[in-house]
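Novice: any chance you can model this:
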Amino acid sequence: MLIHKKIFIVLLFATFIILPLNAFSASPCRKLEVQIPGLTTTCIPVLSVYIVAIYNFALTAIGVIALGALVYGGFRYVASAGNPTALSDAKDQMSSALLGLILLFCSWLILNTINPELVLLGEPQAYQHSCTNKTDCTEQKCINGRCNMTYVTCADTPACIANTPAWVKNQECIEGTNGKGFCAEKPSVISFWEHDNFEGNSFSAEEKNYKAEPGRIANLGAVNWDTAATPVNDLISSIKINDPSYAVILFEDIDYNNNYSTFAKVRLIENTTESLGLDWNDKTSSYIIVKKVGTSRKVTLYEHIDYNAGALPENIKCQDFPFFNSNSDFRQLPCSDGNFDNRASSMKVDYDVLAILYEDADFEGRAAFFGASNDYKNFQFINPAVNDQFSSIQVINAVGQ
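Specialist: You can find the predicted model right below:
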């Protein structure tokens, strides 16, 4: 009977150990039901981090209890009033409490002296791209200038895709310590942030063809943050561009301003931007990511429809204007009777060239976006509001991939 009782106790203990481990293995990022003091995050991908947090909390609690026992033993010693039995019990209590405190504060030193690996709980660490603070990493810590997290070992990149958490993007198998491979996250091309200065929730954009998703997203209302199940639409405040060969075009409305037909707000971001400012804060509803390449191709603007083909010679006051680069002020482009400001009526676009035309100089005001490899014989057919309305242009030579 005693043996059966022992077996039952062992099985019960094993159940309480194995079931939590299984739950953690089933969920790559388990939410804390009860916040652990001293733990700042609410989402931890590995069980070892929980154990470390609970252990640190237990050390504090045990230290307080042992100190209280020592003080209480001293009070009993003073109050023993010459009673040999009470005096002996008080001495034993103080000795035990003091010994407990010594072991508590020396435990880490003892284990570290025996073997430093004994105080390192967790899986092998994968060292990723460089960073200066946590905002440079996705759900990771910035340690010694590298994004650091405990990931599984691997033999090749497909193994990483199969085994690492679903919220980790752009995974690859990189060489780790002692010749082992570790699954790690490559730095994303562009990351979008909920608040200024790369604070709050974020999501990362992958390197893809700008002509199809996810290189272009028509409706950010259907996209959630990497770190929260909340749609991104109208919540972007800062943008980090990790690869200078890339740029992102922001649109105020979904479907790239209703498939480019709306004369609305468009903005080209070519560099890391800590704040989009009041005009663009929380206003992005769609975007296109572009890999830039040189300035060999062009956009050509014409004064009249049909590329000036149907206009009488005496009515053509402006020459054809080819743009290999951006131009911030059409008032600097001469015509026989003035300048080219507010006079464009048709346009030719070379293959894989994107153009943004603005109603004001210096790329301000409302804008119209024009896709690659298209000719536009008559701006009035696209939207009558854009004809003879442009004052500046941004030109992007894109990689078609």
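
Novice: okay, now Pro322: neighbour count?
Specialist: Using other CB atoms under 10 Å, Pro322 has 12 other residues around it. (Glycine included, C-beta is placed from N, CA and C.)

Novice: from Ile54, how far off is it?
Specialist: Between Pro322 and Ile54 the computed distance is 68 Å (CB to CB, to the nearest Å).

Novice: and the closest residue to Glu364 other than its chain neighbours, how many neighbours?
Specialist: Using CB to CB, 6 or more residues apart in numbering and skipping the chain neighbours, the partner closest in space to Glu364 is Tyr358 (6.1 Å). Tyr358: 23 surrounding residues under other CB under 10 Å.

Novice: Met347 now?
Specialist: Count around Met347 with other CB under 10 Å applied: 25.

Novice: and the one helix or strand it maps to, what other elements does it pack with?
Specialist: Using DSSP states H and E, Met347 sits within strand 346-349. The elements that strand 346-349 packs onto, with contact taken as 3 or more CB pairs under 8 Å, 6 or more residues apart in numbering; DSSP states H and E, are strand 299-302, strand 375-376.

Novice: could you measure Val71 against Ser237, distance?
Specialist: 52 Å.

Novice: likewise Lys291?
Specialist: 24 Å.

Novice: in stretch 377-391, what counts as buried?
Specialist: 377, 379, 382, 386-387, 389-391 (16 or more other CB atoms under 10 Å).

Novice: now the helix or strand harbouring Trp108: average pLDDT?
Specialist: Element membership for Trp108 (DSSP H and E) is helix 84-114. Regarding helix 84-114, the rounded mean pLDDT is 77.

Novice: which parts of that helix are buried?
Specialist: So, applying 16+ other CB under 10 Å, buried residues of helix 84-114: 90, 93-94, 97, 100-101, 104.

Novice: could you dump those residues to CSV with distance to Phe192?
Specialist: CSV is the format used below for the buried residues of helix 84-114 (distance: CB to CB, whole Å):
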residue, distance to Phe192
Ala90, 65
Gln93, 60
Met94, 60
Ala97, 55
Gly100, 52
Leu101, 50
Leu104, 46
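
Novice: now for those residues, which pair is the farthest apart?
Specialist: Taking CB to CB as the measure, these reach their widest spread between Ala90 and Leu104, a distance of 21.0 Å.

Novice: please, where are all the helices along the stretch 201-350 of the chain?
Specialist: Taking DSSP state H, counting those that start in this stretch as the test, the helices found in the stretch 201-350 of the chain are 254-259, 277-280.

Novice: flag whichever of those helices has the least confidence on average.
Specialist: helix 254-259 (a mean of 78).

Novice: could you check the angle the helix or strand harbouring Tyr77 makes with helix 84-114?
Specialist: If you go by DSSP H and E, Tyr77 is part of helix 47-78. Orientation check (axes from the mean of the first three to the mean of the last three CA atoms, to 10 degrees): helix 47-78 against helix 84-114 gives 150 degrees.

Novice: which neighbouring elements make contact with helix 47-78?
Specialist: helix 2-26, helix 84-114.

Novice: the longest one - contacts with which helices or strands?
Specialist: In terms of contacts (3+ CB pairs under 8 Å, 6+ apart), helix 84-114 is packed against helix 47-78.

Novice: of the helices and strands packed on strand 346-349, which approaches Glu194 most closely?
Specialist: That would be strand 299-302 among the helices and strands packed on strand 346-349, by CB to CB, at 34.4 Å.

Novice: mind listing what that closest one pairs with, with the direction of each?
Specialist: strand 321-323 (antiparallel), strand 346-349 (antiparallel) (DSSP bridges).

Novice: for Pro313, which of the ones you listed is the nearest?
Specialist: strand 346-349 (16.8 Å).

Novice: helix or strand right after that closest one?
Specialist: Next along from strand 346-349, by DSSP H and E: strand 353-360.

Novice: that next one pairs with which strands, parallel or anti?
Specialist: When DSSP bridges is applied, strand 353-360 pairs with strand 364-370 (antiparallel), strand 392-397 (antiparallel).

Novice: quick check: Phe192 touching Gly200?
Specialist: No. Judged on CB atoms under 8 Å, Phe192 makes no contact with Gly200 at a distance of 10.5 Å.

Novice: more crowded one of the two?
Specialist: Phe192 (26 against 16).

Novice: phi, psi for the more buried one please.
Specialist: phi -110, psi 140 (degrees, to the nearest 10).

Novice: bridged to it, which residues?
Specialist: According to DSSP bridges, beta-bridge pairing links Phe192 with Phe203, Ile239.

Novice: all further residue positions should be reported with the first residue as 57.
Specialist: Renumbered: residue one is now 57, and that last one reads Phe248.

Novice: contacts only, for it.
Specialist: By CB atoms under 8 Å, 6 or more residues apart in numbering, the contact set of Phe248 is 258-261, 288, 292, 294-295.

Novice: swap in 10 Å and give it another go.
Specialist: 254, 257-261, 276, 279, 281-282, 288, 291-296, 304, 306, 340, 343 (CB atoms under 10 Å, 6 or more residues apart in numbering).
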